[in-house]
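>>> I'll drop the sequence and a predicted model, then ask my questions.
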Amino acid sequence: MEQEQTNRAINDDDQDDINFNDSEEENDTAGKRDALSRTHVLAYSVGHFNNDLCAAMWFIYLTWYVQNIVHLSDSMVGLVLLSGQITDGFTTPVVGLLSDKTNCPGGRRNFWYFLGFPVVNLAFLGIFTNPKFLQSN
């Protein structure tokens, strides 16, 4: 009796793995979408690796710069890095939503690339400059 209940439980668990979707079209689409070759997976991962490598170098250098050149305390350095991450956490979804709704002749994303490029470059230069109005006499 106990063995029969165990076999029934095992068979019930096997039923969870069965795809009850009778539509062959949906099954074919899912198979094509999910069937990436190893080359494609490696190609996508290389881009992500390079992005993370640049970000790591940026955070390491920025930390060194604000500690040794700007002479901020360790806690302020942490706040500087945290403020960037918080800002990124808010702006990325907002820009994503806005870019999804943008219709331009050059494409939905190109407007945001061309807008973001000068803004990011000016902000980047602003990190490493010391304007006269901030200098103490």
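Cool, got the structure.
>>> residue boundaries of the helices in this protein?
With DSSP state H as the criterion, the chain has helices at 2-16, 24-34, 38-68, 74-101, 110-127.
>>> save the ones you listed as a markdown table, and put in mean pLDDT and distance to residue 133 too.
Quick note: C-beta positions are derived from backbone N, CA and C, even for glycine. Shown next, in a markdown table, are the helices of the chain (pLDDT from 0 to 100; distance: least, Cβ to Cβ, whole Å):
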| stretch | mean pLDDT | distance to residue 133 |
| --- | --- | --- |
| helix 2-16 | 50 | 66 |
| helix 24-34 | 51 | 55 |
| helix 38-68 | 83 | 19 |
| helix 74-101 | 90 | 20 |
| helix 110-127 | 85 | 13 |
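>>> dump those helices to CSV, plus distance to residue 135 and mean neighbour count.
Shown next, in CSV, are those (distance: least, Cβ to Cβ, whole Å; neighbours: other Cβ atoms under 10 Å):
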stretch, distance to residue 135, mean neighbour count
helix 2-16, 68, 9
helix 24-34, 57, 10
helix 38-68, 17, 11
helix 74-101, 19, 11
helix 110-127, 15, 11
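>>> and for stretch 53-60, what's in contact with it?
residue 81 (Cβ atoms under 8 Å, 6 or more residues apart in numbering).
>>> export it as PDB, just CAs?
Once non-C-alpha atoms are left out, stretch 53-60 reads as follows in PDB (Å, rounded to 0.1, in the frame of the first residue of the first chain):
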ATOM      1  CA  LEU A  53      35.300  45.400 -16.600                       C
ATOM      2  CA  CYS A  54      35.000  49.100 -17.500                       C
ATOM      3  CA  ALA A  55      32.600  49.600 -14.600                       C
ATOM      4  CA  ALA A  56      35.000  48.000 -12.200                       C
ATOM      5  CA  MET A  57      37.900  50.100 -13.400                       C
ATOM      6  CA  TRP A  58      35.700  53.200 -13.200                       C
ATOM      7  CA  PHE A  59      34.700  52.500  -9.500                       C
ATOM      8  CA  ILE A  60      38.300  51.700  -8.500                       C
END
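>>> what's the nearest residue to residue 110 if we skip its chain neighbours?
The shortest distance from residue 110 to any residue other than its chain neighbours is 6.4 Å, reached at residue 104 (Cβ to Cβ, 6 or more residues apart in numbering).
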